[in-house]
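K.L.:
turn this into a model:
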Amino acid sequence: MRLVQLSRHSIAFPSPEGALREPNGLLALGGDLGPARLLMAYQRGIFPWFSPGDPILWWSPDPRAVLWPEQFHLSRSMKRFHRQSPYHVTLNYAFSDVIEGCAQDRHEGTWITTGISLAYQRLHELGHAHSIEVWQGETLVGGMYGVAMGELFCGESMFSRAENASKTALYVFCEAFSRAGGKLIDCQVLNGHTASLGAIEIPRRDYLEQLNVLRTQRLNDKFWVPRRLFSPQA
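P.N.:
Numbers count the residues shown, from 1 in each chain. Predicted structure coming up:
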């Protein structure tokens, strides 16, 4: 296993099975963040993650963190909160604001560079990247974004500026995604927050098998149309 230097003249990636064990999942460096390369990466179970000043680094960790939408863990306290939720939730209303919110989040702002932000906004313009927004009145208080691969959604980042805002984004999205035929959400690497919401780890090999099937399946063409997903009870 060795780290592969990508060429700017080809969007090809090495097999994820060749990724390093330490650091877990590091596969390649270099290349660019153009739409064609990013889409090729996601189709192969690979994603970019790097700090400012570093070269572009590409990862495919083993195990892989995933969430089956219907297995979202709704705690009793969250269930009570959601019944009287002060929020409404939209889809694809404010992609650039969501990615900016994620970049400013103190827990994971370091890796969402200007280059990353512009690259995913371009994917959004092309219809591949999507955002879920949580609003309190007219104020954006949370959200998440990611890349669609057919019946699989590759979650990239989420943020919260108010109580349970990011949980609300994921919960509402899971329900809508599942109803539309969505089968799996990629969470990349397990952490305490996603684990508490029902995410688990599976072998990379199993994830790649799921990806190869689900990315060829299409959701309803109207699923990603900007719209309101949830409104609080009057």
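K.L.:
hey, let's count contacts and neighbours off CA atoms from now on
P.N.:
OK.
K.L.:
for the strand ranked longest in the chain, buried residues please.
P.N.:
When the chain is parsed with DSSP state E, its longest strand is strand 139-149. Neighbour-count burial for strand 139-149 flags 140, 141, 142, 143, 144, 145, 146, 147, 148, 149 (criterion: 16 or more other C-alpha atoms under 10 Å).
K.L.:
pLDDT on stretch 151-170, on average?
P.N.:
Averaging pLDDT along stretch 151-170 yields 97.
K.L.:
show the end-to-end separation of it, please.
P.N.:
16 Å (C-alpha to C-alpha, to the nearest Å).
K.L.:
so what touches that stretch?
P.N.:
42, 78, 82, 87, 89, 98, 101-102, 105, 132-134, 141-148, 181-188, 197, 211, 214-219 (C-alpha atoms under 8 Å, 6 or more residues apart in numbering).
K.L.:
among the residues you listed, which lie within helices?
P.N.:
42, 78, 82, 98, 101, 102, 211, 214 (DSSP state H).
K.L.:
show me which of those residues are buried.
P.N.:
42, 82, 98, 101, 102, 211, 214.
K.L.:
hang on, isn't the last one packed against residue 150?
P.N.:
Yes - under the criterion of C-alpha atoms under 8 Å, residue 214 makes contact with residue 150 at 5.8 Å.
K.L.:
and the residue nearest to residue 69 when sequence neighbours are not counted, how far from residue 167?
P.N.:
Nearest residue to residue 69, sequence neighbours excluded (C-alpha to C-alpha, 6 or more residues apart in numbering): residue 174, at 4.7 Å. As for residue 174, its distance to residue 167 is 10 Å (criterion: C-alpha to C-alpha).
K.L.:
middle-most residue in the protein, spatially?
P.N.:
residue 155 (1.2 Å; C-alpha atoms, centre = their mean).
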